[in-house]
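>>> need a 3D model of the following:
(one chain, ligands or ions: 2)
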Amino acid sequence: MHTSTSLTSIVDPVISLVPRAELRDTLRHAFSTEHAAVGSIEEFFGMLPSASWSRNLLCTFAGSWKATHLKMLGIYGLSCRLQRAAQDADGLDRSNLYLAAARNAATSYEDLGLDFDGHTHAELYDDLAEALTGGDLWTLRKYRLPEAHQFSRWCYRNMVVEPISDGLVTNMFSEIYNHGEYTIALPAADSYFQQHTRLSSEERRKAITYIAAHVEDDTEADHFLVVVEALDRYLAASGTQLDAARASAIFRAYLRNLAPVMRRLTEMMRAEIAGGTAKPLAATGVHA
Ligand SMILES: [Fe+2]
Ligand SMILES: [Fe+2]
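Ligands and ions are numbered 1, 2, ... in the order given. Predicted coordinates for the structure are as follows:
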C-alpha cells in the first residue's frame with residue numbers, strides 16, 4: 001500500500017493560516033527544499049503495511065519512533081524559561097512573556113490527558129507499541145536507533161539550552177510536521193494491524209488511538225498555531241524580529257535529522273523482504 005496523500009500537501013493548508021508571509025514562506029521552503037527527507041518518511045509509511053515484519057523490526061520501530069515524539073519535557077522546560085524571563089520583565093513585555101509561556105504549554109494539554117480522564121499520550125503510545133510488538137520488549141534501549149536518540153537530544157537541547165526563539169521555532173515545526181506525519185501514519189498503521197494481526201476491530205481501534213488522537217480534531221494543527229502566537233509574543237517582548245535564515249536552518253535540520261531514522265527502518269524492511277523473513281500479507285496473528 002502506498003499513502004495517496006503527500007505529507008507536504010497535508011501541512012500546506014495549515015501553513016496558509018500563519019498570519020505572517022515571511023514565516024509561511026520559510027516553512028514551505030523547508031518542506032520543499034528537504035523533499036528527499038520528506039520522501040524517505042513517506043516511503044517508510046507507504047511500505048509499513050506491505051508485509052508482516054519480525055519482532056525485532058517492530059520493536060526497533062516502536063522504540064525509535066517514540067524517541068522522535070513525546071517531547072513534553074522539552075515543552076515544559078521551554079515554558080519554564082519563558083516564565084523566568086517574564087519575572088525579570090515589566091509591563092506589556094512581562095505579560096507577553098507569560099502569555100508566550102502559556103501558549104507554548106498549551107501544546108502539552110492532550111499529552112498530559114487533561115481532558116481525557118488523565119490518560120496520557122505516553123500511555124496511548126504503550127498501547128500502540130504493545131499491540132504492534134506483542135509485549136514490552138520494545139522499551140529496551142537497544143531498540144532505540146542511535147539516529148532516533150540523537151534526534152531526540154537535538155530537539156530537547158534546542159528547547160531547553162539554545163536561545164528561546166530557537167526552542168519556539170523547534171516546537172512550532174515539530175507540531176506542523178507531526179500533523180503531516182500522523183495523518184499519513186494513521187491509515188498505514190491501521191492497515192498493518194488489519195492485514196497482519198488478528199486484533200478485533202475494537203482492539204485495533206485502541207491500538208491506533210495514539211495516532212488518531214493527534215489527527216482527529218486537528219490537535220497538532222492547533223498546537224502549531226498556538227506556538228506561532230507564542231513566538232510572536234516572545235519576539236514582541238524581546239524587541240526582535242524573526243530571524244528567517246535561522247528559522248529556516250532549524251526547520252530544515254528537523255527534517256534532515258529525522259529522515260535517517262525512517263531510512264534505517266526502511267532499510268531493515270527491505271533486508272527482511274530480500275532475506276525472505278518478511279511475510280507479505282501473512283495474517284498469522286501477533287508475531288511469534
Ligand atoms: Fe501527543
Ligand atoms: Fe502537539
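>>> show me the residue sitting in the middle of the chain in space.
With distances taken as C-alpha atoms, centre = their mean, Asn178 lies nearest the centre of the chain, 3.9 Å away.
>>> which element, helix or strand, includes that residue?
For Asn178, the enclosing helix or strand under DSSP states H and E is helix 164-196.
>>> please enumerate the helices of the stretch 101-250 of the chain.
Applying DSSP state H, counting those that start in this stretch to the stretch 101-250 of the chain gives helices spanning 109-112, 121-133, 146-160, 164-196, 201-207, 209-215, 219-238, 244-275.
>>> is the helix holding Asn178 positioned near ligand 1?
No. Figure legend: helix 164-196 not in contact with ligand 1 (C-beta under 5 Å from the ion); closest approach 7.9 Å. Using the backbone N, CA and C atoms, a C-beta is placed for each residue, glycine as well.
>>> contact partners for Gly180?
Leu7, Thr8, Ile10, Val11 (C-beta atoms under 8 Å, 6 or more residues apart in numbering).
>>> what does the pLDDT read for the second one?
The per-residue pLDDT reported for Thr8 equals 97.
>>> give the contact list for it.
Residues counted as contacts of Thr8 (C-beta under 8 Å, 6+ apart) are Phe31, Ser32, His35, Val38, Gly180.
>>> recalculate using a threshold of 6 Å.
By C-beta atoms under 6 Å, 6 or more residues apart in numbering, the residues touching Thr8 are Phe31.
>>> give me the distance from stretch 81-98 to the chain's centre.
The chain centre lies 29 Å from the centre of stretch 81-98; the measure is C-alpha atoms, centre = their mean, to the nearest Å.
>>> what's the end-to-end length of it?
10 Å (C-alpha to C-alpha, to the nearest Å).
>>> what does that stretch contact?
Outside stretch 81-98, the residues within contact range by C-beta under 6 Å, 6+ apart are Ala100, Ala101, Ile164, Arg233, Ala236, Ala237.
>>> do the same with stretch 159-170
Residues from elsewhere that reach stretch 159-170, judged by C-beta under 6 Å, 6+ apart: Gly74, Gly77, Leu78, Arg81, Cys155, Asn158, Ala230, Leu231, Tyr234, Ala247, Ile250.
>>> any residues of the stretch 101-250 of the chain in contact with ligand 1? List them.
Asp111, His121.
>>> pLDDT below threshold where in the stretch 101-250 of the chain?
Along the stretch 101-250 of the chain, segments meeting pLDDT under 70 are nowhere present.
>>> what number of residues lie near the residue in it positioned nearest to ligand 1?
Ranked by C-beta to the ion, the top residue of the stretch 101-250 of the chain for proximity to ligand 1 is His121, at 3.8 Å. His121 is flanked by 21 other residues according to other C-beta atoms under 10 Å.
>>> would you agree it is in contact with Gly113?
No. Between His121 and Gly113 there is no contact under C-beta atoms under 6 Å: 7.4 Å.
>>> what's the neighbour count on the residue in the stretch 151-288 of the chain positioned nearest to ligand 2?
Here the stretch 151-288 of the chain gets closest to ligand 2 at one residue, His223, 3.7 Å apart by C-beta to the ion. Using other C-beta under 10 Å, His223 is surrounded by 27 other residues.
>>> and if you look at the one 10 residues further on?
Applying other C-beta under 10 Å, we find 23 other residues in the vicinity of Arg233.
>>> can you verify my assumption that it contacts Ala102?
No. Arg233 sits out of contact with Ala102 when judged by C-beta under 6 Å, with a separation of 9.4 Å.
>>> still on that earlier bit, which residues do His121 and Gly113 both contact?
With C-beta under 6 Å, 6+ apart, His121 and Gly113 have no common neighbours.
>>> I appreciate the help and will end here.
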